[in-house]
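[1] Show me the folded form of this:
(one chain, ligands or ions: 1)
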Amino acid sequence: MQTNLRGRDVIDFQEWTKDEVDTVLDVAFALKRDRALGQPHPYLRDKVLAMLFFFASTRTRASFEAGMAQLGGHAQFIESRSTQIAHGDTAKEIGEILGRYNDGIAIRNVDWGVGNTYLREVATASRAPVLNMQCDQFHPHQALADLMTVIERFGDPRGRTATVSWACARSYSKPISVPQSLILLLPRFGMNVRLVHPPEFALMPEVVEQARENARRSRASFEVLDDFDEGIRGTDVVYAKSWGAVLTATDEAEEARLLDRYASWVTDGRRLATAGEDAVYMHPLPAERGVEVTDEVIDGPRSAVYDQAENRLHGQKAVMALTMR
Ligand SMILES: NC(=O)NCCC[C@H](N)C(=O)O
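    Prediction:
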């Protein structure tokens with residue numbers, strides 16, 4: 001195993017070289033094979049990961065915690081609301097202190113305009129690496145699991161087309177972190193990316209610009225479209241999920257009006273049938289069934305959602321094994 005990733009933070013893989021991400025993928029697939037064979041791999045014996053959550057989690061908590069146990073270590077679950085953070089513990093203090101107790105600090109803070117800065121402040125103060133369990137701007141471990149899933153389905157992803165699209169959903173205004181990490185990572189592996197959204201649901205311009213640059217460097221294409229049907233036609237990966245109008249909507253009422261306007265942005269069987277012959281449907285979950293996607297699609301033969309969720313475990317174990325040793 002390469003050792004030079006020890007101590008490295010993962011805020012987004014954009015800050016890692018392609019070779020470094022390749023190392024993570026190699027280790028992730030090796031750990032996945034080990035697990036299938038019942039082969040133990042206790043690379044992190046006696047190591048402890050702090051998992052600090054400012055927001056709800058299903059897959060992220062369960063997979064980081066299971067992963068640490070499988071690597072021979074331990075994960076401690078910390079919910080921000082049961083800490084003294086509201087009483088004054090600063091990001092610097094959290095970094096200093098949790099960094100002294102632990103070998104890694106994983107954080108989920110999706111508050112718009114807050115999360116990314118918070119993670120970086122903790123990372124600056126911490127002697128242990130900080131792993132991003134989703135912030136307002138990036139969700140690197142989701143994108144990693146998704147890339148693994150694409151590689152498992154298609155082999156070499158070069159020349160394949162991935163549609164990263166907005167879809168309608170009403171439960172809450174979701175972060176833009178999943179599509180942002182995806183459009184940054186997939187072109188680096190040679191995928192042609194179509195970013196599709198209504199004009200009001202734009203991503204951060206500097207992230208889109210970086211994604212375009214990543215595509216240019218790998219001689220892949222990068223397009224921004226506002227027509228859902230056109231975005232899906234002939235594509236290999238239909239990754240359609242909701243996100244909030246964080247850069248344009250000023251209040252919930254305005255966002256609700258936008259959702260009414262774009263309520264037809266649902267991935268259904270008719271639309272999926274227009275994608276490529278061996279196209280795959282992807283979603284990070286939780287999905288709003290009947291609003292974002294029909295049961296027929298998410299439960300259908302082209303859906304990769306459970307493989308994506310499984311690969312969270314293997315990808316994160318690779319990151320932890322490489323950064324926390
Ligand atoms: N797979 C996950 O980490 N799920 C939580 C993040 C996805 C969430 N629906 C989101 O859109 O940001």
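[2] Doesn't R153 lie inside a helix?
    Yes: counting by DSSP: H, G, I helix; E, B strand; the rest coil, one finds R153 located in a helix.
[3] what's the neighbour count on it?
    Per other C-beta atoms under 10 Å, the neighbour tally for R153 reads 18. C-betas here are computed from N, CA, C, even on glycine.
[4] State the distance from it to the ligand.
    Look at R153 and the ligand: by C-beta to the nearest ligand atom, to the nearest Å, they are 18 Å apart.
[5] gap between the two ends of stretch 75-90?
    One end of stretch 75-90 sits 22 Å from the other (C-alpha to C-alpha, to the nearest Å).
[6] That stretch: which residues count as buried?
    Across stretch 75-90, burial judged by 16 or more other C-beta atoms under 10 Å covers 75, 78, 80, 85.
[7] ranges for the helices of the stretch 51-200 of the chain?
    With DSSP state H, counting those that start in this stretch as the criterion, the stretch 51-200 of the chain has helices at 59-70, 91-101, 115-125, 140-154, 177-185.
[8] hey, which of those helices is tucked in deepest?
    Mean neighbours per residue, mean count of other C-beta atoms under 10 Å, is largest over these for helix 177-185, with a mean of 26.
[9] Just to check, A145 is in contact with V305?
    No: between A145 and V305 there is no contact under C-beta atoms under 8 Å: 10.9 Å.
[10] buried sites along the helix or strand hosting N214?
    Secondary structure assigned from DSSP states H and E places N214 in helix 205-217. Neighbour-count burial for helix 205-217, counted by 16+ other C-beta under 10 Å, picks out 207-208, 210-212, 214-215.
[11] ok, which of these also contact the ligand?
    Restricting the buried residues of helix 205-217 to those touching the ligand (C-beta under 6 Å from any ligand atom) yields no residues.
[12] And for A128, nearest residue in space, chain neighbours not counted?
    Distances taken as C-beta to C-beta, 6 or more residues apart in numbering put G99 closest to A128, at 4.4 Å, once the chain neighbours are dropped.
[13] so what's the nearest residue to S177 once chain neighbours are set aside up against?
    Spatial nearest neighbour of S177, excluding adjacent residues (C-beta to C-beta, 6+ apart): H139 at 4.1 Å. Applying C-beta atoms under 8 Å, 6 or more residues apart in numbering, we find H139 in contact with 132, 175, 177-178, 180-181, 284.
[14] Please report the distance of H139 from T17.
    According to C-beta to C-beta, to the nearest Å, H139 and T17 sit 20 Å apart.
[15] hmm, the strand or helix carrying Y281 touching the ligand?
    Taking DSSP H and E as the criterion, Y281 maps to strand 280-282. No: remark: strand 280-282 sits outside contact range of the ligand, by C-beta under 6 Å from any ligand atom, the gap being at least 11.1 Å.
[16] For that strand, which helices and strands make contact with it?
    With contacts taken as 3 or more C-beta pairs under 8 Å, 6 or more residues apart in numbering; DSSP states H and E, strand 280-282 sits against helix 140-154, strand 237-241, helix 305-323.
[17] Reformat those into JSON lines and put mean pLDDT next to each item.
    JSON lines is the format used below for these (pLDDT from 0 to 100):
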{"stretch": "helix 140-154", "mean pLDDT": "99"}
{"stretch": "strand 237-241", "mean pLDDT": "98"}
{"stretch": "helix 305-323", "mean pLDDT": "98"}
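[18] Alright, calling it a day.
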